[in-house]
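Novice: this one's sequence-less:
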């Protein structure tokens, strides 16, 4: 009984409070309305604002509250008489403009035009009024009319750059690239805000024709505009005119006297964008030219070596001879600057070349170990530890592999969270491959607690495999064994295990996954004949299988190796049709263009 009475009392008090909303002073009700509005209860706030306004039409706070809340609720019909009455009382032009906007929104364009004409006629020389009308027309998407008003406001102000930002938006909306670009340049000449100018121009460069128009206008811009060359360089880069961008960067060096800093920044940007020839040319200028800051030589030397490496890796033409030349360039950096962080990165890069290209595992292990010990707590030091751990596990020294991975996990450096998570996954995998299923399950479960970890999805995947052991023990066991043999670089045996998993798995997803792993590993070993059976199986299950997109790409790879472009295009086209949301779609489109000779 007491509990019921307490509950009833709470309800009575609450109801009483609601009833009192309309009984307080205007000040109290406005305060409560503001609280409701800030708490996103717009409807309740609007009711209180309207109550106070109905009692006192001169209360500006109440009126503005009514306008805000009814606008938020999109109750324009209800707002029209409120604004109309206030306009009739005050004759303020801004209220007339607002009233016209409401008429337009409520499908009464005739009244809108009439009130706008009336307001304009009363003060034809006002600068603020056409600007206000311009913003109103822009909000109503009447961009041509907005442009007219902003231009009129500019003429009255006699400031040739006034309202440039507003005009850029309107010209962009009506796809007038030329006028929009001219306004961007005008705006940039006044405020020098290059990031804003870039953003505005980027929106205009939506296709090749627009890009060309922007490029021509910016390149012909007056040199009287401060820092115009920086904007010209950016547009040239966006338009993929890299050689011309390099030329203007050299001109910037001479003009701004930056002693090579502009050139180095450009070279680094070109390398990141895959423009390796231009990047190499820029780095070479820094290494061989005069008048540049000598402290940049190390960064330029590293950038040059890294550019050569990336160029060869992307082209898949990194021969052993080229690899040795790149290693020599990295080695020179290490010898000259043994304590510099770039030497750590150079050593790490040397180790990966020894591992991937030259097949010198011992030298690779030595370099990874040196980087790990000398640059603890850095991203490349941690990466070296992960690579070293994998090499040690592959050669069967499992305990030492675990110790190295644990050293990465134990690092307290905040810079290596990603690598620390990867090392934790490695340790969990080692436990799994040792046959300790309970220990592996516990380790993976610990990883998935961190939703922001890059290793979470892999850990969840392993937990799914362990869960599947109950219903499909033979298939899962073969699949896990295949993963272990792949990790240990015993690829022929791994292919056999994945084939066995595909043949015996009872779960459809595990069967498809095993077939794809079988095909991918066989392809990596150049056993293209072995790929046919699993790929035929997977493609027959398109679009039901979630592995169909990757299977079609692999099929296209094989067709392309056989110089069968028609079937390669057909496989990729099937991917576009059957898996339109796949993350592989953009690459598939580009490959189709290349195969057709369109790109």
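Specialist: Received, thanks. Since the model is a prediction, treat every value here as computed from it, not as a measurement. Numbering: from 1, shown residues only.

Novice: ok, and the closest non-adjacent residue to residue 573?
Specialist: Leaving aside its chain neighbours, residue 573 sits nearest to residue 592 (6.7 Å; criterion: CB to CB, 6 or more residues apart in numbering). C-beta coordinates here come from the backbone N, C-alpha and C atoms, glycine included.

Novice: measure the one you found to residue 564 for me?
Specialist: For residue 592, the distance to residue 564 equals 14 Å [CB to CB, to the nearest Å].

Novice: on that earlier part again, counting by contacts, list what whichever strand or helix holds the residue nearest to residue 573 packs against.
Specialist: Assigned by DSSP states H and E, residue 592 belongs to helix 585-596. The contact analysis (3 or more CB pairs under 8 Å, 6 or more residues apart in numbering; DSSP states H and E) places helix 585-596 against helix 548-561, helix 565-578.

Novice: please identify the most buried of those.
Specialist: Neighbour counts (mean count of other CB atoms under 10 Å) averaged over each of these peak at helix 548-561, with a mean of 21.

Novice: quick one, that helix and helix 585-596 angle?
Specialist: Counting by axes from the mean of the first three to the mean of the last three CA atoms, to 10 degrees, helix 548-561 points 20 degrees away from the direction of helix 585-596.

Novice: what's in contact with helix 548-561?
Specialist: The contact list for helix 548-561, computed with CB atoms under 8 Å, 6 or more residues apart in numbering, reads 516, 519-520, 523, 528, 531, 535, 538-539, 541-542, 545, 565, 567-569, 571-572, 574-575, 578-579, 582, 584, 588, 591, 595.

Novice: repeat the analysis, applying 6 Å as the threshold.
Specialist: Helix 548-561 is contacted by residues 519, 528, 535, 538-539, 542, 567-568, 571-572, 574-575, 579, 582, 584 when judged by CB atoms under 6 Å, 6 or more residues apart in numbering.

Novice: which one of these is nearest to residue 55?
Specialist: Here the nearest of the contacts of helix 548-561 to residue 55, counting by CB to CB, is residue 582; it sits at 61.8 Å.

Novice: which residues does the closest one contact?
Specialist: Applying CB under 6 Å, 6+ apart to residue 582 gives the contacts residue 549.

Novice: look up how far residue 70 lies from it.
Specialist: Remark: distance between residue 582 and residue 70 (CB to CB) = 46 Å.

Novice: now do residue 40
Specialist: Distance, residue 40 to residue 70, using CB to CB: 15 Å.

Novice: the two: who's more crowded?
Specialist: Taking other CB atoms under 10 Å, residue 40 and residue 70 do not tie; residue 70 has more neighbours (22 against 9).

Novice: which strand or helix spans the more buried one?
Specialist: Assigned by DSSP H and E, residue 70 falls in helix 60-72.

Novice: same deal with residue 120?
Specialist: Going by DSSP H and E, residue 120 is in helix 109-122.

Novice: report all helices and strands that that helix contacts.
Specialist: Counting by 3 or more CB pairs under 6 Å, 6 or more residues apart in numbering; DSSP states H and E, the packing neighbours recorded for helix 109-122 are helix 93-105.

Novice: by mean pLDDT, point me to the weakest helix or strand of this structure.
Specialist: Confidence across the helices and strands of the chain bottoms out at helix 2-20, with a mean of 34, counting by mean pLDDT, DSSP states H and E.

Novice: next SSE downstream of it?
Specialist: As assigned by DSSP H and E, the chain's next helix or strand after helix 2-20 is helix 26-38.

Novice: please point out which parts of that next one sit buried.
Specialist: 26, 29, 30, 32, 33, 36, 37 (16 or more other CB atoms under 10 Å).

Novice: now the last one: how far from residue 30?
Specialist: Read that as residue 37. If you measure residue 37 against residue 30 using CB to CB, the figure is 10 Å.
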